[in-house]
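K.L.:
Sequence first, then the predicted structure:
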Amino acid sequence: MANKKVLVLVPVVLDESGLAKRRTQQNSVELGADIEFDYRPVKAGPALYDSYHDFALADVAMFEAGLSAEDDGYDAVCIDTMSDSGVNALRSVLDIPVIAPAKASYLMCLLLASRFGVLTQWERWNIIYNKTLQEYGLADKCVGIRSPGLAPDPVNLLGGKEDVVFPQFLKCGRELVEMGAEAICLGSTTMHEAHEFLARELPVPVINPGPLTYKLAETVLGMGLSHSRKAYPPPSYLKLNLTRAMMDGAAAYDGED
């Protein structure tokens, strides 16, 4: 039987060095030898995912990056951002499963506990979790969001700053536990380098969103499942070339407003 191929959509423009840092997420999850992961960045997109302006741009960028996944021979798609950008649109045009890390992480917390907290890096990302928690009807299950207020680095992630960043994450994680969190969800796939440390030091399960989506993709494929067409009906009229033209134009434009 041929290996399964999964496409991971990266929400920022990265070169091969930047993509390599994203690939290291696979080191923290056990996967079968018969599944492979490729990483594809968007052609253009928002800078920091800290506003509804950014969410609108991100939905288009991630949708365009993944809309050819099925034709390209992939068996599933994983989204590499806790904003779950592009998931709904991609599910409307793809028959292969599309895995959303925020929804998966929240629900995994609720498989293991009854209440959870979100540990993030930057308070301006709180809008992401407030948005998705409301959309998924899970806001009442989240005890709170905590961050040390550290500006993100989408390219270098946490590399070289572990001695400073990890203790601050731990302090915020302990605050969430004191608030009643019985499980903790990392608020960004860019925080994956801190997962092993936090899982060791905190007294509750810590969910690492990126690797969780990889394992879920493997599980869903192994069970022959995909998203419901009742929930995600296909469009009556496709406008895929319009989407491609928009993103090609955005990629060609490197100026600032």
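P.N.:
Yes, it's here.

K.L.:
Skip the chain neighbours and tell me the closest residue to Lys43.
P.N.:
Ala251 (4.0 Å; Cβ to Cβ, 6 or more residues apart in numbering). (C-beta placed from N, C-alpha, C; glycine too.)

K.L.:
Surely that neighbour touches Ala44?
P.N.:
Yes - contact criterion Cβ atoms under 8 Å: Ala251 and Ala44 qualify, at 4.7 Å.

K.L.:
Tell me which of those two has more neighbours.
P.N.:
Ala44 (21 against 15; other Cβ atoms under 10 Å).

K.L.:
correct me, but that one touches Met247?
P.N.:
Yes - using Cβ under 8 Å, Ala44 is in contact with Met247, at 6.2 Å.

K.L.:
where do the contact lists of those two overlap?
P.N.:
Shared contacts of Ala44 and Met247 (Cβ atoms under 8 Å, 6 or more residues apart in numbering): Ala61.

K.L.:
Show residues contacting stretch 169-186.
P.N.:
With Cβ under 8 Å, 6+ apart, stretch 169-186 has contacts from 105-106, 108-110, 112-121, 143-144, 146-148, 191-192, 194-195, 197-198, 201-209.

K.L.:
Next: stretch 101-110.
P.N.:
78-84, 87, 116, 128-129, 132-133, 136, 138, 141-142, 183-186, 189, 205, 207, 209-210, 212-213, 216.

K.L.:
Relative to the whole chain's centre, how far out is that stretch?
P.N.:
11 Å (Cα atoms, centre = their mean, to the nearest Å).

K.L.:
quick one: average confidence on that stretch?
P.N.:
Over the span of stretch 101-110, the pLDDT mean works out to 98.

K.L.:
sorry, back to before: okay, and which of the contacts of stretch 169-186 map to helices?
P.N.:
Ser105, Tyr106, Met108, Cys109, Leu110, Leu112, His195, Phe197, Leu198, Glu201, Pro209 (DSSP state H).

K.L.:
Filter these down to the buried ones.
P.N.:
Neighbour-count burial (16 or more other Cβ atoms under 10 Å) applied to those gives Ser105, Tyr106, Met108, Cys109, His195, Phe197, Leu198, Pro209.
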